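Enquirer: take a look and give me a structure for this.
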Amino acid sequence: MFDGYNILSLPWLDCAQKYLCSNVEVKSVRQGSLPLKSYVQIGLRHSVHDRLCDASSQANDLSRFTARKLFLSLEVGVQRYPFFGALLLLSLGIASCSKSEDSAKASGPPPSQVQVQTLRNETLQDSIEYIGTLQAENTVQLVPQIQGRIGQILVQPGTRVDKGDPIFILNPDDTLSQVKSAQSTIGVNLAARNTAAKQLQASKSALASAQAQYELARVNNIRYQQLYREGAIGAATADQYATTEKTALATVRQNQDEVSAQQAAVDQADATVSKSQSDLDTAQVSLDYKRVVAPISGSVGNITLKPGDYVTAGQTLTTINQNGSFDLQIPVPLSKAGQVRTGLTVELFDPNSGKQIGTGKLYFVASQTSAADQSILTRARFANDGNKLRDAQYVRARVIWSSKPGVVVPTTAVTPIGGQNFVFVAEEKTDDKGKTQTVAQQLPVTLGNIQGQSYQVLKGLKPGDRVIVSGVAKLRDGVPVAPQTGGAVGGAPTKPAS
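Expert: I've put the predicted structure just below:
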């Protein structure tokens, strides 16, 4: 890069950037593109400039002119005696570099502004994340039991209803008239039955009276027949009492037949009334079916129908969901068979925002392994506190197998170097002169799983350490820093571990 270089063409005071010990000159010398005399001239010029510039900054114009003449004389001498120039160059270069290094050490770079966070005790979790879809505790399809045309829709989608509340009203058509006709018929039949019952009662009363008359006639006949045999009365009198008994007996039998007939009439009336009641019940059921009611308490699902639409029996009109709690099926790998058990905590997270939306527990663990994917089916239940959960909602679930105390470090503070992870911590150091300053101390760490936006620290850090979390790429071990506190590291994770 120095081919055709004219040393006299450079300005006199151009001595700020080109030292012998600079990277540019070293690189040029290593390339070997110039003869030794040229290297000596260039190096000498830069070194002399460096030394003379310091003096010329405080000298007058005459001194600067004298210095320039001295430099030109040295340059002519180097052209004639390269060896002498090389020795002079070496001494001046060493002195120049030493001075530069001493000056740099004396001033030093300003401390780097960094953000630090203080570690605190935290709960480290051994967990695995799964993907799933929530299922409402109970969901039923609302279907009509009879065909008809929708007359009214009494609720809006999402409305909370109780068991038995009407949701749809179908037009009654001829069902209402059938109910009224059945009610009228049963009224007539009930009146006929009441009449038959009264006649039966009268027949029974007549029978009772006839039976009393017969008993009296029988007793009298027995007595008077005895008197006739004793000769106390005549035959005509005895025959009269015998005839009276026969007549009373005939009356009793007649009344018994009348009671039997009236009882049959009552029984027929009861049968007619029962049939009429059955017809009324059938008509009433059909009319009740025109009111489609909620079979359970819950929230009404989506409704796409409108008044006037014709529906058939068994057609799904909407759904009723019990959203008080939700279930989630989790297929646990067979490798976790020794850890899975009921009661384990499961955390729910929104897959888009990463925010936690619920906490539940495993309440079911299958006794058999799925042959298809060699997993164990489990179910977790989550209370819908705050009404944040929805049926068929897509979620991320994290099963927490175990927990232990420890610390976590933000992912932004970790620097991997050669397969080893490092972090910088801010520490106070005191030099030989007793001056205290904050420096960046690089420490190797052993990390575990990601928890939220931090790594679990298995080894290398402890609570109270001040971890540098910004500008770590520009730091070196031992450089001064100016910490700015960013808070403490710990607390609940903001999103599930991956």
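
Enquirer: could I get the pLDDT score of the residue lying farthest from the centre of the chain?
Expert: In the chain, the greatest distance from the average C-alpha position (CA atoms, centre = their mean) is reached by residue 231, at 116.3 Å. For residue 231, the pLDDT comes out at 89.

Enquirer: same question, residue 323
Expert: If you check residue 323, the pLDDT there is 87.

Enquirer: give me phi/psi at the residue farthest from the centre of the chain?
Expert: Torsion angles at residue 231 (phi, psi; degrees, to the nearest 10) stand at phi 80, psi 10.

Enquirer: how close does residue 484 sit to residue 476?
Expert: 19 Å (CB to CB, to the nearest Å). Yep, even glycine has a C-beta here, placed from its N, CA and C like the rest.

Enquirer: so residue 222 lies in a helix, does it not?
Expert: Yes - looking at residue 222 with DSSP: H, G, I helix; E, B strand; the rest coil, it is inside a helix.

Enquirer: what about it, how many residues nearby?
Expert: By other CB atoms under 10 Å, the residues close to residue 222 number 12.

Enquirer: please report how far it lies from residue 212.
Expert: For residue 222 relative to residue 212 (CB to CB), the value is 16 Å.

Enquirer: check residue 219 too.
Expert: Taking CB to CB, one finds residue 219 at 11 Å from residue 212.

Enquirer: repeat that for residue 121.
Expert: Residue 121 is 105 Å from residue 212, by CB to CB.

Enquirer: swap in residue 409?
Expert: 112 Å.

Enquirer: ranges for the helices of the chain?
Expert: Using DSSP state H, the helices found in the chain span residues 23-31, 36-56, 61-80, 82-107, 175-230, 235-289.

Enquirer: show me where the stretch 251-400 of the chain has strands.
Expert: Assigned by DSSP state E, counting those that start in this stretch, the strands in the stretch 251-400 of the chain fall at 291-293, 298-300, 310-311, 318-333, 345-349, 356-370, 375-383, 394-410.

Enquirer: mean confidence for the third one?
Expert: For strand 310-311, the per-residue pLDDT values average out at 95.

Enquirer: strand partners (parallel or antiparallel) of it?
Expert: strand 148-153 (antiparallel) (DSSP bridges).

Enquirer: what residues sit buried inside the partner strand?
Expert: By neighbour count on 16 or more other CB atoms under 10 Å, the buried set for strand 148-153 is 148, 150, 153.

Enquirer: ok, what's across the strand from the last one?
Expert: Right, residue 153. For residue 153, the beta-bridge partners are residue 168 (DSSP bridges).

Enquirer: wait, isn't it in contact with residue 308?
Expert: No - using CB atoms under 8 Å as the test, residue 153 is too far from residue 308 to be in contact (10.4 Å).

Enquirer: quick one: contacts for residue 369?
Expert: Counting by CB atoms under 8 Å, 6 or more residues apart in numbering, residue 369 touches 334, 375, 376.

Enquirer: for the stretch 151-300 of the chain, which residues score under the pLDDT cut-off?
Expert: Within the stretch 151-300 of the chain, not a single segment meets pLDDT under 70.

Enquirer: tell me how many other residues surround the residue nearest to residue 163 when sequence neighbours are not counted.
Expert: Distance criterion CB to CB, 6 or more residues apart in numbering; nearest residue to residue 163, sequence neighbours excluded, is residue 297 at 5.0 Å. Using other CB under 10 Å, residue 297 has 15 neighbouring residues.

Enquirer: do I have it right that residue 297 meets residue 159?
Expert: No - counting by CB under 8 Å, residue 297 sits too far from residue 159 to count as a contact (11.7 Å).

Enquirer: chain center to stretch 466-486: distance?
Expert: 37 Å (CA atoms, centre = their mean, to the nearest Å).

Enquirer: ok, residues contacting that stretch?
Expert: Under the criterion CB under 8 Å, 6+ apart, residues 108-119, 409-410, 412-413, 415, 423-427, 429, 437-442, 461, 489 lie in contact with stretch 466-486.

Enquirer: which of these count as buried?
Expert: 112, 114-119, 409-410, 412-413, 423-426, 438-442, 461, 489.

Enquirer: just the ones of those residues in strands?
Expert: If you go by DSSP state E, those have 112, 114-119, 409-410, 423-426, 438-442, 489 in strands.

Enquirer: which residue packs closest to residue 415, ignoring adjacent ones?
Expert: That would be residue 422: by CB to CB, 6+ apart, it lies 5.0 Å from residue 415.

Enquirer: likewise residue 268?
Expert: Leaving aside its sequence neighbours, residue 268 sits nearest to residue 196 (CB to CB, 6+ apart; 7.6 Å).

Enquirer: repeat for residue 442
Expert: Spatial nearest neighbour of residue 442, excluding adjacent residues (CB to CB, 6+ apart): residue 477 at 4.1 Å.

Enquirer: and the one you found, how many neighbours does it have?
Expert: 11.

Enquirer: got phi/psi on it?
Expert: Dihedral angles for residue 477 - degrees, to the nearest 10 - are phi -60, psi 130.

Enquirer: gap between it and residue 423?
Expert: 11 Å.

Enquirer: got any residues that touch both of those two?
Expert: Residues touching both residue 477 and residue 423 (CB under 8 Å, 6+ apart): residue 442.

Enquirer: now do the same end-to-end measure for stretch 314-322.
Expert: 21 Å (CA to CA, to the nearest Å).

Enquirer: off-centre distance for it?
Expert: With CA atoms, centre = their mean, you get 25 Å for stretch 314-322.

Enquirer: buried stuff in that stretch?
Expert: 317, 318, 319, 320, 321, 322.

Enquirer: which non-adjacent residue is nearest the fourth one?
Expert: So the one you mean is residue 320. Residue 320's closest residue in space is residue 298 (CB to CB, 6+ apart), at 4.5 Å.

Enquirer: so the one you found touches residue 155, yeah?
Expert: No - counting by CB under 8 Å, residue 298 does not reach residue 155; the two are 11.6 Å apart.
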